[in-house]
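Engineer: Predicted structure and sequence below. I'll ask about it afterward.
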Amino acid sequence: MMMIGVIWAALAPLLIVSAMAALAFALRRRGVARAWPITAALMLAPMATVYWLERAEFRRICDDAGRAVIHEKAKADGFLLTSGTAYSFGMRYLSEGFDWIEMRDIYRRDGWARATRQADGATTLTPIDKPTARYEVRETFEQPRSGVGLSVTHVIDRETGAELARAARGTFDGGWMKWGLGAFGVSSCPSAYSDSNGFRRSYDLVKDTLR
């Protein structure tokens with residue numbers, strides 16, 4: 001199924017071309033002059049309009065929610081990481097200057113664990129009774145509208161409940177046009193290619209806030 005999805009994402013525009021060719025052929029058989037320009041006007045113009053409107057809405061959502069904001073900085077050797085990817089992508093924080101991170105223990109139901117960076121660079125995982133970190137990095141997923149997803153990172157002071165920083169990374173799957181555009185309709189924000197500074201501020205939010 002995954003391979004089918006990859007093939008579709010790469011070749012989906014061929015479906016549009018095939019549909020246009022079929023319509024142009026039908027029009028020519030009926031004696032309609034300039035069948036291809038008419039076909040393009042009937043199919044591409046509405047599709048482009050719908051995609052442009054949805055892409056513009058995605059950019060608006062990115063402008064509202066996607067910018068990294070640091071309200072207050074603090075100093076911490078580690079933190080509590082509340083994330084579904086704590087055991088995979090979350091481990092990157094140990095290479096960014098943090099000594100440890102606390103998280104849910106995947107081996108014990110309702111348990112907790114602490115991942116610690118050793119002097120030789122190795123990582124050890126130790127069960128703990130409960131989190132002790134003052135600061136929490138909470139990663140959540142929001143879907144403000146169909147086709148748009150936001151992966152939001154919050155840095156929170158657990159003692160006061162105050163939010164120290166916030167950033168979001170957004171993805172747009174192409175909206176209504178995703179079935180025809182495939183991977184060519186996908187967009188993200190902030191983008192490492194078109195907004196390298198915004199991408200860095202979002203990616204380094206935790207390090208810039210707590211180190």
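Structural biologist: Yep, that arrived.

Engineer: I'd say residue 211 and residue 98 touch.
Structural biologist: Yes: between residue 211 and residue 98 there is a contact at 7.3 Å, judged by C-beta atoms under 8 Å. Any C-beta I mention is one placed from the backbone N, CA and C, and that applies to glycine too.

Engineer: Need the residues touching each of these two.
Structural biologist: Shared contacts of residue 211 and residue 98 (C-beta atoms under 8 Å, 6 or more residues apart in numbering): residue 76.

Engineer: Of those two, which one has the most company?
Structural biologist: Neighbour count, other C-beta atoms under 10 Å: between residue 211 and residue 98, residue 98 has more, with 22 against 15.

Engineer: Give me the distance between the more buried one and residue 166.
Structural biologist: 19 Å (C-beta to C-beta, to the nearest Å).

Engineer: just residue 111 next, same as before
Structural biologist: Separation of residue 111 from residue 166 (C-beta to C-beta): 28 Å.

Engineer: Counting neighbours, go ahead and name the busier of these two.
Structural biologist: The neighbour count for residue 111 versus residue 166, taken as other C-beta under 10 Å, is higher for residue 166 (20 against 13).

Engineer: That one should be in a strand, yeah?
Structural biologist: Yes: Residue 166: assigned to a strand according to DSSP: H, G, I helix; E, B strand; the rest coil.

Engineer: Kindly state the beta-bridge partners for it.
Structural biologist: Under the criterion DSSP bridges, residue 166 forms beta bridges with residue 69, residue 154.

Engineer: hang on, it packs against residue 150?
Structural biologist: No: counting by C-beta under 8 Å, residue 166 stays clear of residue 150, with 11.1 Å between them.

Engineer: what's near enough to touch the residue of the chain most remote from its centre?
Structural biologist: Farthest-out residue of the chain from its mean C-alpha position, per C-alpha atoms, centre = their mean: residue 31, at 49.1 Å. Under the criterion of C-beta under 8 Å, 6+ apart, residue 31 has no neighbours.

Engineer: quick one: it is in a strand?
Structural biologist: No: judged by three-state DSSP, residue 31 forms no part of a strand; its state is coil.

Engineer: per-residue pLDDT, it?
Structural biologist: Reported pLDDT at residue 31 in the predicted model: 80.

Engineer: what's the distance between it and residue 42?
Structural biologist: With C-beta to C-beta as the criterion, residue 31 and residue 42 are 17 Å apart.

Engineer: quick one: low-confidence ranges for this structure?
Structural biologist: For the chain, applying pLDDT under 70 flags the ranges 1-13, 66.

Engineer: Helices of that one, start to end?
Structural biologist: 2-11, 13-29, 35-65, 178-181, 196-203, 205-210 (DSSP state H).

Engineer: Export only the CA atoms of stretch 59-72, formatted as CSV.
Structural biologist: C-alpha atoms of stretch 59-72 as CSV (Å, rounded to 0.1, in the frame of the first residue of the first chain):
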residue,chain,number,x,y,z
ARG,A,59,-0.3,30.6,4.0
ARG,A,60,-2.6,32.7,6.2
ILE,A,61,-2.7,29.9,8.8
CYS,A,62,1.1,29.7,8.7
ASP,A,63,1.4,33.4,9.2
ASP,A,64,-0.9,33.2,12.3
ALA,A,65,0.4,30.1,13.9
GLY,A,66,3.6,29.0,12.3
ARG,A,67,6.0,31.7,13.6
ALA,A,68,8.3,30.8,16.5
VAL,A,69,7.7,33.0,19.5
ILE,A,70,9.8,33.0,22.7
HIS,A,71,8.1,34.9,25.6
GLU,A,72,10.7,34.0,28.2
